[in-house]
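J.: structure for the following, please:
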Amino acid sequence: MISMTEKYLAKSAAIASRMLGDETIIMSTIDSTLFTLNPVGTVIWEAADGSTPLSRIVTEKVCVAFDVTDEQAAADAAEFVEKLAQHGILLVSDQPIRTEDKP
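T.: A predicted model of the protein is given here:
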């Protein structure tokens, strides 16, 4: 499931989100679906700026903040990102995503 191609993440414009403690609540404005992100998911979400590659988010944010190996964090992050992308919550690209490129 982990691709050799670098992935860049950006938050969709079709969502509303709010941090509550160390978790994030996200609502899709498309279908009003609610998602609750745990602290690890919140770290990835907060770092999804369109210009930071997922590999850097994992090594510089997730592995630093949580007791997890690079390999396990990368595998878990790839699965997490895939799920949010399927719901239109995260935009994923193999190139940096400029702000004006976001829907």
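J.: what about the helices in the protein?
T.: Along the chain, the stretches classed as helices by DSSP state H are 39-47, 54-57, 63-65, 70-86.
J.: now those in a markdown table, with mean neighbour count?
T.: Heads up, the C-betas are built off the backbone N, CA and C, glycines and all. Formatted as a markdown table, the entries for the helices of the chain read as follows, by neighbours: other Cβ atoms under 10 Å:
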| stretch | mean neighbour count |
| --- | --- |
| helix 39-47 | 19 |
| helix 54-57 | 19 |
| helix 63-65 | 12 |
| helix 70-86 | 16 |
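J.: closest to residue 94 out of these?
T.: helix 54-57 (10.5 Å; Cβ to Cβ).
J.: and that closest one, what other elements does it pack with?
T.: Helix 54-57 is packed against strand 8-11, helix 39-47, helix 70-86, with contacts defined by 3 or more Cβ pairs under 8 Å, 6 or more residues apart in numbering; DSSP states H and E.
J.: what helices or strands is the second one leaning on?
T.: To tie it back to what came earlier, the one meant is helix 39-47. Under the contact definition 3+ Cβ pairs under 8 Å, 6+ apart, helix 39-47 sits against strand 8-11, strand 23-28, helix 54-57, helix 63-65, helix 70-86.
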